[in-house]
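Trainee: fold the following and give me the result.
(2 chains)
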Amino acid sequence: MISMMQTLKLALTALVRNKSRSLLTMLGVVIGVAAVIVTVAIGTGARSSVADQINGLGSNLIVVIPGSVQTTGAKTGTGGASTLTAQDGLAIAKLPGVAAVSPAINIRTQLVANDNNWQTTVTGVATSYTYVRSWPIAEGRFFTQAETDDTAKVAVLGQTVVQQLFPTTDPVGQNVLVRGIPFTVIGTLSPKGQSSAGQDQDDTVLIPYTSALQRLIGGTTVSELMVSAVDAAHIDPVQSEITSLLEQRHGVVAGQPDDFSVRNLADIAQAASATASILGLLLAAVAAVSLLVGGIGIMNIMLVSVTERTREIGLRVALGARSAAILRQFLIEAVVLSTGGGTIGVVLGIIGAGAIALLAHWPTSVPIASVFLALAFSAAVGVFFGYWPARKAAALDPIRALRFE
Amino acid sequence: MTPVVDVRDLRKVYPLDGAEDVVALRGVDLTIDPGEFVAVMGPSGSGKSTFMHIVGFLDRATSGTYRFSGNDVSGLDGDQLADLRSRALGFVFQAYNLLPRTTAVENVELPMIYAGVPAAERRRAAMEALDAVGLAKYAEHQPNQLSGGQQQRVAIARSIVNKPHLILADEPTGALDTVSSEDVMALFQRLNRERGMTVMLVTHEPDVAAHAKRLVTFRDGNIISDAPIAPKAAVLV
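Mentor: Presented below is the predicted three-dimensional model:
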């Protein structure tokens, strides 16, 4: 009997004896696996950056925005209704399944601090905003409920605003003029980067919504209400509760369109992940085809190899090889070819993914699972496509094989 | 003394569809004792090759008994016959059948791989066998770096490396020139004389057969003569 180790050695020796052919045979699987790794890396990178952006918007976020209203035949666009109030937000906060609510009042204005000025959006929010948006403070502190109740003139700056207004000094404790009213900077926000729409989210100033309403615009309606559900499972029920609550509060007649709109980021996330999974399916199809072609290449070469080495097989049988040993040797040769190709493919794929990230600035990430899956799959390709040639080799009649020219 | 080969009434019939069956062996009786050097001759189609394949466990007889070193082998399955080939038989072929791009010593090791001999022991035995055929210093040469005669001597080293009960040589000089043929036959004689190796040689050249001690002649599936050969006066070693 011959050990598995020894069979592996025999197979490797046979492959090394035909280096260039072995490498060319591997090429199909190399290209297939490398393509799979690169495409999976791009897909995963894209998906995780989408997921990052969606998570960056806030935790289990539901956004309520004013809807369209119709006055004497003319419809305003979405957001045209001025019916959403901070009181609506307080009512929503009492709903079960709601973790936190923050209104947002967006005011586009010019800021002045010392010798610098900068146009940005000042947003009036509640103290829960940092939680709702999952946005931690970098320096200083956020404003308190007491400051909100007192319509305090305090502001928390985004990093872009910090750079523009206080390029060299510490902003905390200094004053910023908002529409001529001095606000004291009490903290700065940690950097958040670009939104999924490409907006600079750090180009912002946060002040208490009470201050925004009373000191800056003198109104009661808000730009939007940001609601955080306690967990992802509560997003849908909370969404419908908000809808019926607001319909009731706003006196919307049944059958008439709502004067607000409730948007759920899970929908966006789902759409994004659906796109990603369609992309993934497409990639899987490409991968399957290329591995199939690679496998057929291996089978083809193994069949040629069996014919070409007929005499050698006859000799091995005459020298005492059992037919199982012959089968194993050829099967292992096929599996070594395919997994060897798979390994080279994985390495090339990782290098390729890195190159794409570097040159094209696409986020790529190679999941470990995809590496193991690619290797397992290429081994399976070897077994599947190597079995028939190996069977042929093992079934050869040694007498005829020895006479084969 | 138990004969190495003991066949009784050996028959081999190749059934042909829609035609008369081909009878290759028609009841052959033969015994080969340890230490014998038997040449088997006969024209093409006489059944000598079929006989050698059956003796070498590469083919099975249609009927008759075959006892190898005292054991009946007719009931053995393919794996058992393969194991027997690896442990108890040595083959030498006309075309050498060395593995290309493989060194002489690795070629000699091949039967021991299938017999499950550990690597260190394989190397030692292979070097010893190469030394016995006078090619120790060519151990690391590949077949294409060796002459035909040298390649056949490597093949002979491979056939003796497992210390087989019987060496089967099928036209071992068929591809060699006269001088190399003489070398190879002298080597068989020496292995037979000095190591007591039992050799069965199949050939159609009387000059080659003359190196053996006993001549068996086949014709039409029967043995028509079986006689000792008078030793030559001078044998080159």
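Trainee: can we go C-alpha only for contacts and neighbour counts from here?
Mentor: Will do.
Trainee: where exactly do the helices run in the stretch 301-405 of chain A?
Mentor: Ranges of helices in the stretch 301-405 of chain A, per DSSP state H, counting those that start in this stretch, are A:310-318, A:323-359, A:368-394, A:398-403.
Trainee: out of these, the one nearest B:Arg190 is which?
Mentor: helix A:310-318 (24.2 Å; CA to CA).
Trainee: adding distance to chain B, write the helices of the stretch 301-405 of chain A out as a markdown table.
Mentor: Shown next, in a markdown table, are the helices of the stretch 301-405 of chain A (distance: least, CA to the nearest CA, whole Å):
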| stretch | distance to chain B |
| --- | --- |
| helix A:310-318 | 7 |
| helix A:323-359 | 7 |
| helix A:368-394 | 12 |
| helix A:398-403 | 7 |
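Trainee: correct me, but A:Val262 touches A:Pro237?
Mentor: No. A:Val262 sits out of contact with A:Pro237 when judged by CA atoms under 8 Å, with a separation of 12.0 Å.
Trainee: in terms of neighbours, single out the busier of these two.
Mentor: Using other CA atoms under 10 Å in any protein chain shown as the criterion, A:Val262 and A:Pro237 rank with A:Val262 on top: 21 against 13.
Trainee: once you drop chain neighbours, what's closest to the more buried one?
Mentor: Spatial nearest neighbour of A:Val262, chain neighbours left out: A:Val64 (4.4 Å); criterion: CA to CA, 6 or more residues apart in numbering or on different chains.
Trainee: minimum distance to chain A, which residue of chain B gives it?
Mentor: B:Ser86 (3.9 Å; CA to the nearest CA).
Trainee: hmm, the residue nearest to A:Val262 is touching A:Asp259, no?
Mentor: No. With contact defined as CA under 8 Å, A:Val64 does not reach A:Asp259; the gap is 10.6 Å.
Trainee: which residues outside the longest strand seen in chain A are in contact with it?
Mentor: What stands out as the longest strand in chain A, according to DSSP state E, is strand A:98-113. Strand A:98-113 is touched from outside by A:86, A:89-90, A:92-93, A:117-129, A:131-132, A:165-166, A:175-179, A:209, A:212-213, A:222-230, A:238, with contacts defined as CA atoms under 8 Å, 6 or more residues apart in numbering or on different chains.
Trainee: what about 7 Å?
Mentor: With CA atoms under 7 Å, 6 or more residues apart in numbering or on different chains as the test, strand A:98-113 has contacts from A:86, A:89, A:93, A:117-126, A:128-129, A:132, A:165, A:175-178, A:209, A:222-230, A:238.
Trainee: is the residue sitting nearest the centre point of chain B bridged to anything, and to what?
Mentor: For chain B, the residue nearest the mean C-alpha position is B:Leu168 (0.9 Å; CA atoms, centre = their mean). Per DSSP bridges, the residues bridged to B:Leu168 are B:Phe91, B:Met200.
Trainee: a helix runs through B:Leu25, doesn't it?
Mentor: No. Read with DSSP: H, G, I helix; E, B strand; the rest coil, B:Leu25 is strand and lies in no helix.
Trainee: name the residues of chain B found near chain A, please.
Mentor: Within reach of chain A by CA under 7 Å from any CA of the partner chain, chain B has these residues: B:58, B:79, B:82-83, B:85-86, B:97, B:99, B:101, B:111, B:113-116.
Trainee: pLDDT at A:Ala269, what is it?
Mentor: Listed pLDDT for A:Ala269 reads 67.
Trainee: ditto for the one 10 residues further on
Mentor: What the model reports as pLDDT for A:Leu279 is 73.
Trainee: any idea how many residues pack against it?
Mentor: Neighbour count of A:Leu279, defined by other CA under 10 Å: 15.
Trainee: what about it, which helix or strand?
Mentor: helix A:265-308 (DSSP states H and E).
Trainee: how far away from the center of its chain is that helix?
Mentor: Averaging C-alpha positions (CA atoms, centre = their mean, to the nearest Å) puts helix A:265-308 21 Å from its chain's average.
Trainee: cool, and stretch A:357-377?
Mentor: 13 Å.
Trainee: quick one: contacts of that stretch?
Mentor: Counting by CA under 7 Å, 6+ apart, A:33, A:37, A:40-42, A:44-46, A:339, A:342-343, A:346, A:350, A:353, A:356 sit against stretch A:357-377.
Trainee: mean confidence for it?
Mentor: For stretch A:357-377, mean pLDDT is 85.
Trainee: now do stretch A:40-52
Mentor: For stretch A:40-52, the per-residue pLDDT averages 77.
Trainee: list the buried residues in that stretch.
Mentor: A:40-51 (16 or more other CA atoms under 10 Å in any protein chain shown).
Trainee: what of stretch A:322-330?
Mentor: A:322-323, A:325-330.
Trainee: next: stretch A:5-12.
Mentor: Result for stretch A:5-12 [16+ other CA under 10 Å]: buried residues A:6-8, A:10-12.
Trainee: ok so, going back, tell me how far the residue nearest to the centre of chain B lies from A:Ile351.
Mentor: Here B:Leu168 is placed at a distance of 56 Å from A:Ile351 (CA to CA, to the nearest Å).
Trainee: got the contact list for the longest helix seen in chain B?
Mentor: Of all segments of type helix in chain B, defined using DSSP state H, the longest is helix B:178-195. The contact list for helix B:178-195, computed with CA under 7 Å, 6+ apart, reads B:35, B:37, B:133, B:149, B:153, B:173, B:197-198, B:211, B:236-237.
Trainee: any low-confidence regions in chain B?
Mentor: Residue ranges of chain B with pLDDT under 70: B:232-237.
Trainee: same deal with the stretch 51-200 of chain A?
Mentor: Looking at the stretch 51-200 of chain A by pLDDT under 70, you get A:53-59, A:68-81, A:195-198.
Trainee: mind redoing it with 80?
Mentor: The model of the stretch 51-200 of chain A has pLDDT under 80 over residues A:51-59, A:67-83, A:193-199.
Trainee: show me the contacts for the residue of chain A found nearest chain B.
Mentor: When scored by CA to the nearest CA, chain A has A:Gly320 as its residue closest to chain B, at 3.9 Å. A:Gly320 makes contact with B:82-83, B:85-86, B:111, B:114 under the criterion CA under 7 Å, 6+ apart.
Trainee: and these, which are buried?
Mentor: B:82-83, B:85-86, B:111, B:114.
Trainee: and which of the residues you listed is nearest A:Gln201?
Mentor: Lowest distance from A:Gln201 to the buried ones among the contacts of A:Gly320 (CA to CA) belongs to B:Tyr114, with 71.6 Å.
Trainee: name the element the closest one belongs to?
Mentor: Assigned by DSSP H and E, B:Tyr114 belongs to helix B:104-115.
Trainee: and that helix with helix A:310-318, angle?
Mentor: 50 degrees (axes from the mean of the first three to the mean of the last three CA atoms, to 10 degrees).
Trainee: quick one: pLDDT of A:Ala276?
Mentor: In this model, A:Ala276 carries a pLDDT of 68.
Trainee: ok, now how distant is B:Arg85 from A:Pro398?
Mentor: 12 Å.
Trainee: what's the overlap in contacts for the two?
Mentor: Joint contacts of B:Arg85 and A:Pro398 (CA under 7 Å, 6+ apart) are A:Ala318.
Trainee: where along chain B do the helices fall?
Mentor: B:48-55, B:78-88, B:104-115, B:119-132, B:148-160, B:178-195, B:206-209.
Trainee: nearest to A:Leu23, of these?
Mentor: helix B:104-115 (23.9 Å).
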